[in-house]
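1. Got a predicted structure here, sequence first:
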Amino acid sequence: MGKKRSLTGDRPTGKLHIGHYFGSLQSRVKMQEDENLERFVMIADVQALTDNFNNPQKVRDNVYEVLKDYLSVGIDPNKTTIFLQSMIPEIAELTVFYSNLVTVARLQRNPTVKTEIAQKKELFGESVTYGFLGYPVSQAADITAFGGELVPVGEDQEPLIEQCREIVRKFNNIYGETLKEPEVVLSSNKRIKGLDGNEKMGKSLGNAIYLSDSDEEITKKVMGALTDPGRIKKDDLGNPNICMVAYYHNLFSKDEVKKVCEECKAGKRGCVACKKQLIENIIKELTPIREKRKYYEERPEELRKILIEGTKKAQVEARKTMERVKRSMKLDY
Ligand code: TRP
Ligand code: SF4
């Protein structure tokens, strides 16, 4: 049996936080043990521009931030091909071909796109750009350019993969069997809530701990986290189910969380001490990651080399796909 390909990626619009860490990064590292898999991870800078076209420097800077985050958590360039979307022109070419196979109405109905447009009123006003509306088409190109069969993503991405499957089916129907239909691999971890209890974690909400945060930043953020508001004195009986510190103990203090909750409920634990214990455990978990990050921060040349080498490998695959696509579409002049 041949190896299966997996393809996934991130928009480089900010540093990665612990939501990414538990949500997708850990599972990508784990997937590296699977010998029957060929893994590709894309830094989707062209997609990032669809909602940051007015801020190219932000995208540029974050390409390297995301790359450093990948490497520091253990995504290994010898086991996973890490590459840059904008350096693969075939993706843009495929996007144009696929755009004939999707209706505007279908894109407007895509739940992920719909949600995002609603969130980006400030950027788009009343009318969204052609590029943003069409980014699912470009994402279908991302996946199929590398023959991606497995796409490890979170739930929010499912409608995009469904759209890709539709494009693939339509393409194969019209032009003949050429492309592979991808399948979602949902990461087992659900979305991690922010320190304020918000379902979403992010920079604009100020409720995320970044993999690159310093001890001071971590301390400040955890000290400000949402706890059981009913607890004022140490011997008040607490409810860890409504406390974000308990929620994070569950992620970072696996061996201690049971005791934490018992003591909280019994009024035998102070919130400040409880937070300090959590801070210590977060720092313990993130220290080796930050050390690796520091190594790469001091070696920009090495970073660049990793990105270029990965992109070269990815390029070979995209060229092969393009040849087959052009043959099927009778564009093989
Ligand atoms: N849309 C993804 C996100 O916002 C990033 C992405 C771009 C992606 N291309 C992809 C994910 C291809 C999976 C496969 O996080
Ligand atoms: Fe939360 Fe800990 Fe305070 Fe209980 S003791 S409310 S778990 S911070």
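-> Great, that's in hand. What you are looking at is a predicted structure, and each value in this text was computed from that prediction instead of being measured. Ligands and ions are numbered 1, 2, ... in the order given.
2. which residue ranges form the helices in the stretch 201-333 of the chain?
-> Assigned by DSSP state H, counting those that start in this stretch, the helices in the stretch 201-333 of the chain fall at 215-223, 244-252, 257-265, 271-297, 300-328.
3. which stretch among the ones you listed comes nearest residue 99?
-> helix 300-328 (13.6 Å; CB to CB). C-beta: built from backbone N, CA, C; applies to glycine.
4. Just checking stretch 106-113 against ligand 1, any contact.
-> No - if you take CB under 6 Å from any ligand atom as the test, stretch 106-113 misses ligand 1, and the best it gets is 8.0 Å.
5. and the residue in the stretch 101-250 of the chain positioned nearest to ligand 2, backbone torsions?
-> The minimum distance from the stretch 101-250 of the chain to ligand 2, using CB to the nearest ligand atom, falls at residue 243 (3.2 Å). With angles defined as degrees, to the nearest 10, residue 243 sits at phi -120, psi 130.
6. same thing with residue 153?
-> phi -150, psi 170.
7. Low-confidence stretches in this structure?
-> Scanning the chain for pLDDT under 70 picks out 1, 188-189.
8. Report the contact partners of the nearest residue to residue 296 once chain neighbours are set aside.
-> Distances taken as CB to CB, 6 or more residues apart in numbering put residue 68 closest to residue 296, at 4.9 Å, once the chain neighbours are dropped. Residue 68 is in contact with 212, 293, 296-297, 303, counting by CB atoms under 8 Å, 6 or more residues apart in numbering.
9. does stretch 266-281 come close to ligand 2?
-> Yes - counting by CB under 6 Å from any ligand atom, ligand 2 is contacted by stretch 266-281 at 269, 271, 274-275.
10. Now that stretch - C-alpha only, CSV.
-> Taking C-alpha atoms only, stretch 266-281 is exported to CSV below (Å, rounded to 0.1, in the frame of the first residue of the first chain):
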residue,chain,number,x,y,z
ALA,A,266,-14.2,22.0,50.2
GLY,A,267,-13.0,25.6,50.7
LYS,A,268,-9.5,24.4,51.4
ARG,A,269,-7.6,26.3,48.7
GLY,A,270,-6.9,29.9,48.0
CYS,A,271,-7.3,31.3,44.5
VAL,A,272,-4.0,33.1,44.5
ALA,A,273,-2.1,29.9,45.5
CYS,A,274,-4.1,28.0,43.0
LYS,A,275,-3.1,30.4,40.2
LYS,A,276,0.6,30.3,41.3
GLN,A,277,0.6,26.5,41.0
LEU,A,278,-0.9,26.8,37.5
ILE,A,279,1.6,29.4,36.5
GLU,A,280,4.4,27.1,37.6
ASN,A,281,3.1,24.2,35.5
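11. coming back round to it: my guess is the residue of the stretch 101-250 of the chain closest to ligand 2 meets residue 226, correct?
-> Yes - the pair residue 243 and residue 226 passes the contact test of CB atoms under 8 Å, sitting 7.1 Å apart.
12. of these two, who's got more company?
-> More crowded of residue 243 and residue 226, by other CB atoms under 10 Å: residue 243, with 24 against 17.
13. one step back: among the contacts of residue 68, name the buried ones.
-> 212, 293, 296, 303 (16 or more other CB atoms under 10 Å).
14. would TSV of these with distance to ligand 1 be doable?
-> Converted to TSV, the buried ones among the contacts of residue 68 look like this (distance: CB to the nearest ligand atom, whole Å):
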residue	distance to ligand 1
212	19
293	21
296	22
303	20
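15. ok, the residues you listed vs ligand 2, which is closest?
-> For the buried ones among the contacts of residue 68, the nearest to ligand 2 is residue 212 (25.2 Å; CB to the nearest ligand atom).
16. OK, contacts around the closest one?
-> Per CB under 8 Å, 6+ apart, neighbours of residue 212: 15, 65, 68-69, 290, 293.
17. Pull the most distant pair out of the residues you listed.
-> 65 and 290 (13.3 Å).
18. Quick check: residues of the stretch 151-300 of the chain near ligand 1?
-> 151, 153, 157.
19. the domain parsing of the protein - what is it?
-> 4-193+300-328, 215-294 (automatic domain parsing).
20. Identify, out of those domains, the most deeply packed stretch.
-> domain 4-193+300-328 (a mean of 18; mean count of other CB atoms under 10 Å).
21. Please state the offset of that one from the chain centre?
-> Taking CA atoms, centre = their mean, to the nearest Å, the mean C-alpha location of domain 4-193+300-328 is offset from the chain mean by 10 Å.
22. What of stretch 242-251?
-> Counting by CA atoms, centre = their mean, stretch 242-251 comes out at 22 Å from the chain centroid.
23. With stretch 249-264 instead?
-> Per CA atoms, centre = their mean, the centroid offset for stretch 249-264 relative to its chain is 27 Å.
24. In space, not sequence, find me the middle residue of the chain.
-> residue 10 (4.5 Å; CA atoms, centre = their mean).
25. For the residue nearest to that residue when sequence neighbours are not counted, what is the enclosing helix or strand?
-> Closest residue in space to residue 10, ignoring its immediate chain neighbours: residue 66 at 5.8 Å, by CB to CB, 6+ apart. If you go by DSSP states H and E, residue 66 is part of helix 56-73.
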